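Enquirer: pasting the structure only:
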């Protein structure tokens, strides 16, 4: 356990926010050295957008693909302010749970197999842009997943559970244009972009349908310059969550209908965006993977449950290829993307044991 925690401390204490090439390469350098010790091949894969991702693999035949990301949401300098620390059964630090403990889980499990490698291929993709929805690595993920027998995503666990389904995510921007005017001397000449946006926000939020598990959230709005000027511009960022493939089509059609008209005469709109992560639907194949993990967990004294998450991950991209996929195989943690992010230390060895035994007996 001390070696695993030492490695985790080493990784956490390197700033590696998305786009921080220096930090990400330093993290990758540590992992590549360990890959050599495990007799694994190591490749740097460059995406079409120039981002770099790393693929470690060993063996031949059918492929089991493991996914974990090296990037965090935190800016350079974060580690200096709050480095890795341990308090009781909790470890703290930027990315300690999401997802550097997942990386340690993979390396710990593979070290258990190194002397007696399974008679199939294990591939591990460590991407560097997951926190911004994997724009560069998504095609790499889908290419590797498309040839795999199963995809195991080592994101942090929600309690003693594995994730068998995830919602799809859409991100959209609505820009509204009006006409500026002085609110005192020529109020009636103005066309308020903010007021028009307000009408549209109400209509957009009304598209939420809990019975179908479809939700929309206008989470960020901007507009105006001064209280005595009728605003000629306003913008909103919209989050869409869907449970099943195809649900987005009707919602997007309704969004286009809403933005095509106007309540405040003289205002116009521009609407853009797309589905950034397709839904990872609950399938019999995913449940079969869960059942296999659950049996192994019981042998190890771990009672595993299953959850369907409203959040997205690279499991969404892998599942789109139709390959059996499961997520949440990393240690238990919480407070993600915040200063209170933590990992439960006792769960790290449990998850290493669980993953190693699954891979040994697949």
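Expert: Thanks, I have the structure now. These figures come from a predicted structure and were not determined experimentally.
Enquirer: Please point out which parts of stretch 91-101 sit buried.
Expert: 91, 92, 93, 94, 95, 96, 97, 98, 99, 100, 101 (16 or more other Cβ atoms under 10 Å). For glycine as for every other residue, the C-beta is placed from the backbone atoms N, C-alpha and C.
Enquirer: Check the offset of that stretch from the chain's centre.
Expert: Put simply, stretch 91-101 sits 14 Å off its chain's centre (Cα atoms, centre = their mean, to the nearest Å).
Enquirer: which residues of the stretch 1-150 of the chain score low on pLDDT?
Expert: For the stretch 1-150 of the chain, the stretches flagged by pLDDT under 70 are 1-2.
Enquirer: In the strand or helix carrying residue 215, which residues are buried?
Expert: Assigned by DSSP states H and E, residue 215 belongs to strand 215-223. Neighbour counts using 16+ other Cβ under 10 Å place 215, 216, 218, 223 of strand 215-223 among the buried residues.
Enquirer: The first one pairs with what?
Expert: In this entry, residue 215 is beta-bridged to residue 241, by DSSP bridges.
Enquirer: Show me what the strand holding residue 215 is packed against.
Expert: helix 193-205, strand 233-242 (3 or more Cβ pairs under 8 Å, 6 or more residues apart in numbering; DSSP states H and E).
Enquirer: follow-up on the earlier one: tell me the one among the buried residues of strand 215-223 nearest to residue 196.
Expert: Nearest to residue 196 out of the buried residues of strand 215-223 is residue 223 (Cβ to Cβ; 9.9 Å).
Enquirer: pretty sure that closest one contacts residue 196?
Expert: No. Residue 223 is beyond contact range of residue 196, at 9.9 Å (criterion: Cβ atoms under 8 Å).
Enquirer: Give the residues shared as contacts by these two.
Expert: 176, 234 (Cβ atoms under 8 Å, 6 or more residues apart in numbering).
Enquirer: The chain: helices as residue ranges?
Expert: Using DSSP state H, the helices of the chain run over 2-12, 21-37, 78-81, 101-113, 138-146, 193-205, 247-260, 284-299, 314-319, 345-361.
Enquirer: Point out the most buried one among those helices.
Expert: Highest mean neighbour count of the helices of the chain: helix 314-319, a mean of 29 (counted as mean count of other Cβ atoms under 10 Å).
Enquirer: Show me what it is in contact with.
Expert: Helix 314-319 has contacts (Cβ under 8 Å, 6+ apart) with 65, 67, 69, 127, 130, 134, 137-138, 141-142, 145, 148, 151, 153, 155, 163, 166, 168-169, 277-281, 283, 286, 325-327.
Enquirer: Please apply the same query to stretch 193-203.
Expert: For stretch 193-203, the surrounding residues in contact (Cβ under 8 Å, 6+ apart) are 174, 176-178, 218, 221, 223-224, 231-236, 258-259, 262-264, 267, 269.
Enquirer: Would you point out which residue is most central in the protein?
Expert: For the chain, the residue nearest the mean C-alpha position is residue 313 (3.2 Å; Cα atoms, centre = their mean).
Enquirer: Spatially nearest residue to that one (excluding sequence neighbours)?
Expert: Leaving aside its chain neighbours, residue 313 sits nearest to residue 155 (5.1 Å; criterion: Cβ to Cβ, 6 or more residues apart in numbering).
Enquirer: okay, the one you found: pLDDT?
Expert: Per-residue pLDDT puts residue 155 at 98.
Enquirer: how many neighbours does it have?
Expert: Residue 155: 27 surrounding residues under other Cβ atoms under 10 Å.
Enquirer: which residues touch it?
Expert: The neighbours of residue 155, taking Cβ under 8 Å, 6+ apart as the test, are 68, 98, 99, 102, 163, 313, 314, 315, 327, 328, 329, 330.
Enquirer: What is the burial count for the residue nearest to residue 144 when sequence neighbours are not counted?
Expert: Spatial nearest neighbour of residue 144, excluding adjacent residues (Cβ to Cβ, 6+ apart): residue 65 at 5.4 Å. Applying other Cβ under 10 Å, we find 25 residues neighbouring residue 65.
Enquirer: Hmm, residue 65 is touching residue 146, no?
Expert: No. The pair residue 65 / residue 146 is not scored as a contact, 9.7 Å apart, by Cβ under 8 Å.
Enquirer: State the phi and psi torsions of the residue sitting furthest away from the middle of the chain.
Expert: Distance from the C-alpha centroid of the chain peaks at residue 185, with 50.3 Å (Cα atoms, centre = their mean). Dihedral angles of residue 185 (phi, psi; degrees, to the nearest 10) stand at phi -90, psi -30.
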